[in-house]
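Participant: Give me a model of this one.
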Amino acid sequence: MTILVTGATGTVGRHVVDQLVQKGEQVRAVSRNPAKANLPEGVEVVAGDLNEPDTLQTALEGVNGLFLIVSSDEANATLQTQPKVVELAEQAGVKRVAVLVGYEEGPVEEALKNSGMEWTLVKPGEFMANILIDWRDSIRSEGIVREAFGDAPSARVHEGDIAAVAVTALTENGHHGQSYILTGPQSLSRREAVRTISEGIGKEVQFDELTEEQARQSWRDQGYEEGDIDFFVLMGKNPPEIGHTVVPTVEQVTGRPARTLAEWVFEHKNEFL
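Facilitator: Next comes the predicted model:
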């Protein structure tokens with residue numbers, strides 16, 4: 001059985017590749033730049049671009065399972081996966097698809113539900129890995145995190161657990177038609193998350209709470225549009241319950257508990273020091 005992994009060099013995709021290899025599956029990975037993919041030995045890396053579905057036709061040949069992303073977490077990468085990818089996958093004989101859903105379902109998910117393939121939607125909340133993007137540099141250089149809405153809760157989920165659910169759905173029966181909402185095992189405020197990081201790395205990390213206007217200006221300085229900034233503020237003031245309500249899905253699907261933020265910090269300790 002060959003499984004094609006899109007987004008194979010991304011935060012979740014790398015874990016999907018690693019876990020499939022560990023299970024002894026035949027893995028083919030799509031990359032815009034195969035020469036720089038740096039994936040495990042034995043993984044077949046092929047060129048392709050989800051923004052241009054026709055480039056995937058060769059990659060889909062002989063594939064039984066597909067891990068599909070609809071948005072990208074890679075720096076400076078713009079991705080808009082098209083429903084045609086689903087059509088091409090079905091034409092190629094793909095039997096089973098797991099999709100990493102973004103903020104909400106869209107045309108790709110709709111096309112998949114209307115296809116004849118088995119499908120599973122993987123719907124994580126906030127990634128623990130976002131901490132590296134948002135907080136790592138200021139923790140390393142100053143021992144400080146500057147954020148608004150310090151009491152806003154989030155049930156952050158380990159990216160390896162997201163991958164584990166997708167891998168299970170692709171390699172085991174019984175997951176067709178499921179939409180799996182994923183969280184970590186705890187709901188922590190931003191202030192509590194910073195405390196967890198501080199304890200985990202053995203270094204004092206201060207939480208400096210920004211006012212709403214300070215946060216807005218910071219986002220403007222980073223180049224965000226006003227509409228995006230309004231959305232960030234809304235999420236900070238009124239976090240949706242789905243983002244901070246802990247659910248046991250990871251354990252129910254994979255058979256092992258979701259990893260805590262403290263465990264994630266232990267894995268990434270050196271990146272903060």
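Participant: How many neighbouring residues does Asn173 have?
Facilitator: 8 (other CB atoms under 10 Å). The way it works is simple: take the backbone N, C-alpha and C, and place the C-beta from them, glycine included.
Participant: For Leu50, see how far away it is.
Facilitator: 27 Å (CB to CB, to the nearest Å).
Participant: same question, Gly200
Facilitator: 35 Å.
Participant: next one: Asn64
Facilitator: Taken as CB to CB, the span from Asn64 to Leu50 is 19 Å.
Participant: quick one: which of these two has more around it?
Facilitator: Leu50 (22 against 16).
Participant: got the residue ranges for the helices in the stretch 101-250 of the chain?
Facilitator: In the stretch 101-250 of the chain, the helices defined using DSSP state H, counting those that start in this stretch lie at 107-113, 130-134, 136-142, 159-171, 190-201, 212-221, 226-237, 241-244, 249-254.
Participant: out of the ones you listed, which comes closest to Leu100?
Facilitator: helix 159-171 (6.8 Å; CB to CB).
Participant: now the closest one: how far from the chain's centre is it?
Facilitator: 11 Å (CA atoms, centre = their mean, to the nearest Å).
Participant: Next one, pLDDT for Thr81 please.
Facilitator: On the pLDDT scale, Thr81 is placed at 86.
Participant: Show the contacting residues for it.
Facilitator: Leu50, Asn51, Leu68, Ile69, Val70, Ser71, Val108 (CB atoms under 8 Å, 6 or more residues apart in numbering).
Participant: Which entry within the residues you listed corresponds to the minimum pLDDT?
Facilitator: Ser71 (83).
Participant: which one is that one nearest to, not counting chain neighbours?
Facilitator: Spatial nearest neighbour of Ser71, chain neighbours left out: Gly102 (4.4 Å); criterion: CB to CB, 6 or more residues apart in numbering.
Participant: so what's Val27 bridging to?
Facilitator: On the basis of DSSP bridges, Val27 is bridged to Ile3.
Participant: My guess is it contacts Ile3. True?
Facilitator: Yes. Between Val27 and Ile3 there is a contact under CB atoms under 8 Å: 5.8 Å.
Participant: shaky segments in this structure?
Facilitator: 73-78 (pLDDT under 70).
Participant: Please parse it into its domains.
Facilitator: 2-124, 126-156+185-245+259-273 (automatic domain parsing).
Participant: Could you check those domains and tell me which one is nearest Ile162?
Facilitator: That would be domain 2-124 among these, by CB to CB, at 4.7 Å.
Participant: what's the offset of the closest one from the middle of its chain?
Facilitator: For domain 2-124, the distance to the chain centre is 13 Å (CA atoms, centre = their mean).
Participant: end to end, how far does that domain reach?
Facilitator: Start-to-end span of domain 2-124 (CA to CA, to the nearest Å) is 25 Å.
Participant: and if you look at stretch 52-59?
Facilitator: End residues of stretch 52-59 are separated by 13 Å (CA to CA).
Participant: Name the residues that touch that stretch?
Facilitator: So stretch 52-59 is contacted by 4, 28, 30, 46-50, 82, 84-85, 88, 92 (CB under 8 Å, 6+ apart).
Participant: coming back round to it: may I see the domains of the chain organised as TSV, with distance to Glu251 added?
Facilitator: Formatted as TSV, the domains of the chain follow (distance: least, CB to CB, whole Å):
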stretch	distance to Glu251
domain 2-124	15
domain 126-156+185-245+259-273	8
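Participant: for those, which one ends up most surrounded?
Facilitator: domain 2-124 (a mean of 18; mean count of other CB atoms under 10 Å).
Participant: How far does stretch 241-256 stretch from one end to the other?
Facilitator: Stretch 241-256: ends 24 Å apart by CA to CA.
Participant: and that stretch, how far from the chain's centre?
Facilitator: 15 Å.
Participant: In contact with the residue lying closest to Ser138 once chain neighbours are set aside, which residues?
Facilitator: The shortest distance from Ser138 to any non-neighbouring residue, by CB to CB, 6+ apart, is to Ile144 (5.5 Å). The contact partners of Ile144, by CB under 8 Å, 6+ apart, come to Ser138, Val205, Gln206, Phe207, Asp208.
Participant: The same query, at a cut-off of 10 Å, please.
Facilitator: Residues near Ile144 by CB atoms under 10 Å, 6 or more residues apart in numbering: Trp135, Ser138, Val194, Glu204, Val205, Gln206, Phe207, Asp208.
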